[in-house]
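J.: Got a predicted model here, sequence first, then my questions.
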Amino acid sequence: MEDNKRDLALFNIALDSKLRGCDLVKLLVSDVMSGGVVMRRALVTQQKTGSPVQFEITEGTRKSVLDWINFKGLNYSSYLFPSAKVPGEHICTRQYNRIFHGWIEKLGLDPTLYSTHTMRRTKAYLIYKKTKNLRVVQLLLGHKKLESTVR
């Protein structure tokens, strides 16, 4: 994946952001970048809940996202992951799903066991495993109900 700047940036930001696919594909460069620098934290309003969710962008992710932005020549009003087929649009969730399943197949994993939502859960699970704090995970995922986080 290191040879594919878009996929590396997409993979990293999907893990760090813990966003649903519908929100991930709609990220704008301005959501993650300010003053020519990829921010350490970003704030995005989720489509499903209408709630804002803040996430940390780790150093490795910042580097891969900046490399992608520079490689593609994106500006602040551009989608972070623009469509190759429709100018001015973002990749669709279906395309993100195809990309994701390509990663799963390359890893030799059973694609029926994983979905793009797996990316949303992965970091949240690791944080819970380390902290045992469901409330923190609830806030990170932007869930309104703790029951959703537990599930």
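T.: Received it, and whenever you're ready, just let me know what you need.

J.: burial count for Val86?
T.: 10 (other C-beta atoms under 10 Å). For every residue, glycine as well, the C-beta is placed using N, CA and C.

J.: ok, now Asn12?
T.: If we define neighbours as other C-beta under 10 Å, then Asn12 has 20 of them.

J.: now Met39
T.: With other C-beta under 10 Å as criterion, Met39 counts 16.

J.: contacting residues around it?
T.: Val32, Met33, Ile57, Arg62 (C-beta atoms under 8 Å, 6 or more residues apart in numbering).

J.: Let's see the helix or strand bottoming out on mean pLDDT in the chain as PDB, backbone CA atoms only.
T.: Ranked by mean pLDDT, DSSP states H and E, the helix or strand of the chain with the weakest confidence is helix 134-141, at a mean of 76. Output of helix 134-141 as PDB, limited to C-alpha atoms (Å, rounded to 0.1, in the frame of the first residue of the first chain):
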ATOM      1  CA  LEU A 134     -16.800   2.900  27.300                       C
ATOM      2  CA  ARG A 135     -17.700   6.600  27.800                       C
ATOM      3  CA  VAL A 136     -14.500   7.600  26.000                       C
ATOM      4  CA  VAL A 137     -15.200   5.200  23.200                       C
ATOM      5  CA  GLN A 138     -18.800   6.500  23.000                       C
ATOM      6  CA  LEU A 139     -17.500  10.100  22.600                       C
ATOM      7  CA  LEU A 140     -14.900   9.000  20.000                       C
ATOM      8  CA  LEU A 141     -17.500   7.300  17.900                       C
END
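
J.: And the longest helix seen in the chain, what's buried?
T.: Ranked by number of residues, the top helix in the chain under DSSP state H is helix 116-131. Buried residues in helix 116-131, counted by 16 or more other C-beta atoms under 10 Å: Thr116, Met119, Arg120, Lys123, Ala124, Ile127, Tyr128.

J.: What of stretch 50-69?
T.: Taking 16+ other C-beta under 10 Å as the criterion, stretch 50-69 shows Val53, Phe55, Ile57, Thr61, Arg62, Ser64, Val65, Leu66, Trp68, Ile69 as buried.
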